[in-house]
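Student: Dropping the sequence and predicted coords here.
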Amino acid sequence: MEPISQRNYAHPEALVSTEWVSEHHNDPSVRLVESNEDILLYSTGHIPGAVQVDWTADLNDQIRRDYITRSGFESLMSRIGVSKDTTVVFYGDKSNWWACYAFWVFQLFSHTKAKVMDGGRLKWEKEGREMTKYVPSYPPTPYKAPERDDSRVRAFREDVLKHLARKNPLVDVRSPEEYTGARLHMPNYPNEGALRGGHIPGAKSVPWSLCVRPDSGEFKTAAELEEIFKKGAALSAEQEIIAYCRIGERSSLTWFALTYLLGFPKVRNYDGSWTEWGNLVNVPIEK
Amino acid sequence: MSAEPHIPDKLRELLESFDGVTGREDRMALLASYADRFTPVPPAVAVRPYPEANRIAFCESEAYVWGVPRQDGTMKFYFAVENPSGVSAKALGAILDRTLSGAPLEEVAEVTPEIVTRLFRQNISMGKGMGLSSLVERVRVLAEKATHSKQSTP
């Protein structure tokens, strides 16, 4: 596939190649962060120098269904040795679902020095690049974070209801079977408790997988993404858009593609997603 | 009040050793060491494509379980995990094989999915936890069915 610089992305600086990571994994101003669906995957081998940030244990509050608070984020950044000046590069399995999810959570705390490694673990492994089981440790940093700001890139159910009333577009990035309501969960995944199937009325079905190449996990070019989102789903940069999936991980990837690769400035991720909407009383559902 | 379930000694001892591991990194490293020792089902027992009947429903790691009766009246449990990223399922499969294969079936039938939480603590998502719990439950049911068939044999 063509280099990132030739794919005409709106913000190519948000994406780095495996070659770039290979050249920077010892760079003290860069911290590699691996985020996977399975917490044990990191222990089996990771890019030298990379630390693990787990979406369940590190990014989510352990009591409420919510993300960590400012102090929790500060503790996390201190533990992984990240300062305000550190460029954090995320990568992981599942075509970078959880890497994009972690990237998105970091934006709630305005850590904008953040990038995603194109292709994630899959591409790194396919290229036969170095992996290690050695878990690095870094000197703790005195990181001072702002209060978490959920207003810019995160949508709550009330926001979705207002969004619907204004007839603004929604993007459902789940599988077509989940969108139609034939399934309450991804194929072969457990049902995490949704009582109703279907989609939010008016939502356009654009499965997340359309954003990446299945063989390498790399993001498609801007032209290909425009074909999918602008032509196919009739979305434009001027619109306010909300993306959702099951718990917000797949929609983080689509949020990343729309925001950084296509340059749509007003995209939010509804992390409550179908596990919330499919259980809410008296909200509209379309099948 | 119901009596404490009598689970196989090897599993009880392993769970007690996990109880002593307080750090997350140490716990994950210990679990990963079991995943490293995971041995998939041998061709003598099953070959791909594995039967759907042995597949664990809703397990994102595409796990399969077999229980093969032994002459001593116990069972040998075999596992396959087809998703290469399914490291947690491999770890759990290795643990269940080491601690439940050869154990009295009445005791294996007392093992509950709660052991998943005891092994992984809070470091596991709801979806992943449900898949792993289904794996434990399938082993328990295999043992329970075998126990019943033994009891009904004249």
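Tutor: On my side now, so go ahead. Numbers count the residues shown, from 1 in each chain, chains lettered A, B, ... in the order given.
Student: Quick one: end-to-end length of stretch B:107-116, please.
Tutor: End-to-end distance of stretch B:107-116 (C-alpha to C-alpha, to the nearest Å): 17 Å.
Student: Enumerate the positions of it that are buried.
Tutor: Of the residues in stretch B:107-116, B:Glu107, B:Val108, B:Ala109, B:Glu110, B:Val111, B:Pro113, B:Ile115, B:Val116 count as buried by neighbour count, 16 or more other C-beta atoms under 10 Å in any protein chain shown. Heads up, the C-betas are built off the backbone N, CA and C, glycines and all.
Student: For residue 5, which non-adjacent residue is closest in space?
Tutor: No chain was given, so I picked chain A. A:Pro12 (6.0 Å; C-beta to C-beta, 6 or more residues apart in numbering or on different chains).
Student: Switch to chain B, please.
Tutor: Nearest one to B:Pro5, counting by C-beta to C-beta, 6+ apart, is B:Glu110 at 3.9 Å.
Student: swap in A:Ser209?
Tutor: A:Ser95 (7.6 Å).
Student: pretty sure the one you found contacts A:Gly217?
Tutor: Yes: using C-beta atoms under 8 Å, A:Ser95 is in contact with A:Gly217, at 4.3 Å.
Student: These two: who's more crowded?
Tutor: Neighbour totals were compared for A:Ser95 and A:Gly217, and A:Ser95 leads with 25 against 22 (other C-beta atoms under 10 Å in any protein chain shown).
Student: Could I get the buried residue list for the longest helix anywhere in chain B?
Tutor: For chain B, the helix with the greatest residue count under DSSP state H is helix B:126-152. Residues of helix B:126-152 classed as buried by neighbour count (16+ other C-beta under 10 Å): B:127-140, B:142-143, B:146-147.
Student: thinking again about what came up before, which members of the buried residues of stretch B:107-116 occur in helices, if any?
Tutor: B:Glu107, B:Val108, B:Ile115, B:Val116.
Student: Could you check the pLDDT of the last one?
Tutor: Confidence at B:Val116, expressed as pLDDT, is 96.
Student: tell me the contacts of it?
Tutor: B:Leu92, B:Ile124, B:Gly129, B:Leu132, B:Ser133, B:Val136 (C-beta atoms under 8 Å, 6 or more residues apart in numbering or on different chains).
Student: Now with 10 Å, please.
Tutor: By C-beta atoms under 10 Å, 6 or more residues apart in numbering or on different chains, the contact list for B:Val116 reads B:88, B:92, B:124, B:128-137.
Student: Starting from chain B, give me the distance back to A:His24.
Tutor: Relative to chain B, A:His24 is positioned 24 Å away (criterion: C-beta to the nearest C-beta, to the nearest Å).
Student: That residue: neighbour count?
Tutor: Neighbours around A:His24, by other C-beta under 10 Å: 16.
Student: these two touch, right, it and A:Ala50?
Tutor: No: contact criterion C-beta atoms under 10 Å: A:His24 and A:Ala50 do not qualify, at 11.6 Å.
Student: Need the overlap of contacts for the two.
Tutor: A:Leu32, A:Val89.
Student: what sits against the spatially most central residue of chain B?
Tutor: Nearest residue to the geometric centre of chain B (C-alpha atoms, centre = their mean): B:Leu96, 3.6 Å. Going by C-beta under 10 Å, 6+ apart, B:Leu96 touches B:11, B:34, B:65, B:77, B:79, B:108, B:111, B:115, B:135-136, B:138-140.
Student: what stretches of the stretch 101-250 of chain A score poorly on pLDDT?
Tutor: Scanning the stretch 101-250 of chain A for pLDDT under 70 picks out A:186-192.
Student: Would you state the strands of it in chain order?
Tutor: Assigned by DSSP state E, counting those that start in this stretch, the stretch 101-250 of chain A shows strands spanning A:114-117, A:170-172, A:204-205, A:241-244.
Student: Determine the set of other helices and strands touching the first one.
Tutor: Yep, that's strand A:114-117 we're talking about. Helices and strands touching strand A:114-117, by 3 or more C-beta pairs under 10 Å, 6 or more residues apart in numbering or on different chains; DSSP states H and E, are strand A:15-16, helix A:18-24, strand A:30-34, strand A:87-91, helix A:97-108.
Student: now do 8 Å
Tutor: strand A:15-16, helix A:18-24, strand A:87-91, helix A:97-108 (3 or more C-beta pairs under 8 Å, 6 or more residues apart in numbering or on different chains; DSSP states H and E).
Student: Could you do the shortest one as well?
Tutor: For strand A:204-205, the contact count by 3+ C-beta pairs under 8 Å, 6+ apart identifies strand A:170-172 as packing neighbours.
Student: hmm, who's touching the strand it packs on?
Tutor: A:160, A:163-164, A:178-179, A:199-200, A:202-206, A:233, A:235, A:241-245, A:251, A:254, A:258.
Student: make it 6 Å
Tutor: Here strand A:170-172 makes contact (C-beta atoms under 6 Å, 6 or more residues apart in numbering or on different chains) with A:Tyr179, A:His199, A:Ile200, A:Ala203, A:Lys204, A:Ser205, A:Val206, A:Ile242, A:Ala243.
Student: Run through the bridge partners of the second one.
Tutor: A:His199 has these beta-bridge partners by DSSP bridges: A:Glu286.
Student: all strands for chain B, in order.
Tutor: B:63-69, B:75-81 (DSSP state E).
Student: near chain A at all, the first one?
Tutor: No: taking C-beta under 6 Å from any C-beta of the partner chain as the criterion, strand B:63-69 and chain A are apart, separated by no less than 10.3 Å.
Student: related to what we said a few turns ago, including distance to B:Phe18, could the helices and strands packed on strand A:114-117 go into a markdown table?
Tutor: Shown next, in a markdown table, are those (distance: least, C-beta to C-beta, whole Å):
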| stretch | distance to B:Phe18 |
| --- | --- |
| strand A:15-16 | 38 |
| helix A:18-24 | 34 |
| strand A:87-91 | 30 |
| helix A:97-108 | 25 |
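Student: how about those, which one is nearest A:Ser75?
Tutor: Proximity to A:Ser75 (C-beta to C-beta) singles out helix A:97-108 among the helices and strands packed on strand A:114-117, at 14.1 Å.
Student: can you list contacts of the closest one?
Tutor: Contacts of helix A:97-108 (C-beta under 6 Å, 6+ apart): A:35-37, A:53, A:55, A:59, A:67, A:90-92, A:114, A:116, A:148, A:153, A:249-250, A:252-253, A:256, A:269.
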